[in-house]
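> what follows is a predicted structure for the sequence shown.
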Amino acid sequence: MPLTSANFPTLIEPGMDEVFFSTYDRVDRGSLIPVLYKVGKSDKNTEDFHSMTGFSGEIAVMSGGVTYHEIEEGYGKTFTHDQFADGFQVARALRDDDMYNVINRLPAKLALKYWNKRETDAASIFNSCTSDTGPDTTALCNTSHPSPISGIAVRSNYLSNATTGLLNHDNLHSVARLLQLQTDDTGAYLNLNADDILVPPALDDTAWRIVNSALRPDTADNDANINQNRFTVHVWKKLTDTNRWFVMDREIRKQSLLWFDRVPVEFRNVEDFDSIVEKYRAYMRYSKGYIDWPWIYGAQPS
């Protein structure tokens, strides 16, 4: 039901779109979407990607000509852009009588709602990293990632253990090493660089001390801290598990973790001719996902 002068005696001023976007731009400065994702545009209903496997076998001494390998297709991923729309209504008379800038707070509230929706959706890939399946039919963080090439052993990028899954100096170093030793579909080393850590707010202080202490934290020994300045720590309020943390290769992540803005956030209004009610709505359309998983290693206490 639209607001009316009977239940809301004071109203709005022009410039609702300015209120909406000034609020949206303010909160969006803290968005982790452009930090973690490769953000792009799309002019289609869907975007399709297929990974390619690596080249198996050894490089032999050249004898008689070049050896050419067959190119094999890996797993596929289709990004389908979802639509989102929401809004509010205001009776025209109520708008005309506005004196105290009450209704113009509504666009700000709507902008905040839209920003939170995007951030929540972006974080959902990490929040559901052990449950939702990806292109290879397993979860993003899993102990048994298959290879499309037969005969290749399954690979792991997930550690859940009461002791080694805790975020501390030694465990961060160990998980970073596991990421660095990750292999591709053929079993060849990917030479990954563990340079990003993603944590929930509950682990913010722990991660900061591990990465920024000159000496090894939480010990009386005077050992140098091998983790110092090796990582960038990202803290995301949208992470729902207070104990789960991630180590990532930021460059390879940007090649796989993708966000498409089919229609960026917009805010519009129209007046219904017969009812003389002004309708305000925001709209956006986007998709997100990942093509492959080796860029990340997840850990948490079991």
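Looks like it came in fine. Residues are numbered from 1 along each chain as shown.

> any stretches of the stretch 51-200 of the chain with poor pLDDT?
98-101 (pLDDT under 70).

> now with 50, please.
100 (pLDDT under 50).

> doesn't residue 286 belong to a strand?
Yes. Applying DSSP: H, G, I helix; E, B strand; the rest coil, one finds residue 286 inside a strand.

> I figured residue 267 hits residue 19, correct?
No. Counting by Cβ atoms under 8 Å, residue 267 stays clear of residue 19, with 9.1 Å between them. For the C-beta atoms, the positions are set from N, CA and C on the backbone; glycine is no exception.

> just confirm residue 239 contacts residue 246, I think it does.
No. Residue 239 lies out of contact with residue 246 (Cβ under 8 Å); the separation is 9.1 Å.

> overlap in contacts, those two.
Taking Cβ atoms under 8 Å, 6 or more residues apart in numbering as the contact criterion, the common neighbours of residue 239 and residue 246 are 126, 198, 199.

> and the residue minimising distance to the centre of the chain, its phi and psi?
With distances taken as Cα atoms, centre = their mean, the chain has residue 122 as the residue nearest its mean C-alpha position (4.0 Å). The phi/psi pair for residue 122 (degrees, to the nearest 10) reads phi -60, psi -40.

> check residue 270 too.
Per degrees, to the nearest 10, the backbone of residue 270 is at phi -150, psi 150.

> what segments of the stretch 101-250 of the chain are helices?
Here the stretch 101-250 of the chain has its helices, by DSSP state H, counting those that start in this stretch, at 106-127, 169-180, 204-212, 250-256.

> my guess is the residue nearest to the centre of the chain contacts residue 237. True?
No. If you go by Cβ under 8 Å, residue 122 and residue 237 don't touch, sitting 11.8 Å apart.

> quick one on the thing from earlier: nearest to residue 88 among the shared contacts of residue 239 and residue 246?
Taking Cβ to Cβ as the measure, residue 88 lies nearest residue 126 of the shared contacts of residue 239 and residue 246, at 31.7 Å.

> tell me the spacing between the closest one and residue 164.
20 Å (Cβ to Cβ, to the nearest Å).

> show me which of these two is the more surrounded one.
Under the criterion of other Cβ atoms under 10 Å, the comparison of residue 126 against residue 164 puts residue 126 first, with 24 against 15.

> isn't the more buried one right next to residue 248, touching?
No. Using Cβ under 8 Å, residue 126 is not in contact with residue 248, being 10.2 Å away.

> hey, what's in contact with both of these two?
Common neighbours of residue 126 and residue 248 (Cβ under 8 Å, 6+ apart) are residue 198.

> what's the nearest residue to residue 120 once chain neighbours are set aside in contact with, if anything?
Nearest non-adjacent residue to residue 120, counting by Cβ to Cβ, 6 or more residues apart in numbering: residue 238, 5.7 Å away. Counting by Cβ under 8 Å, 6+ apart, residue 238 makes contact with 32, 119, 120, 122, 123, 127.
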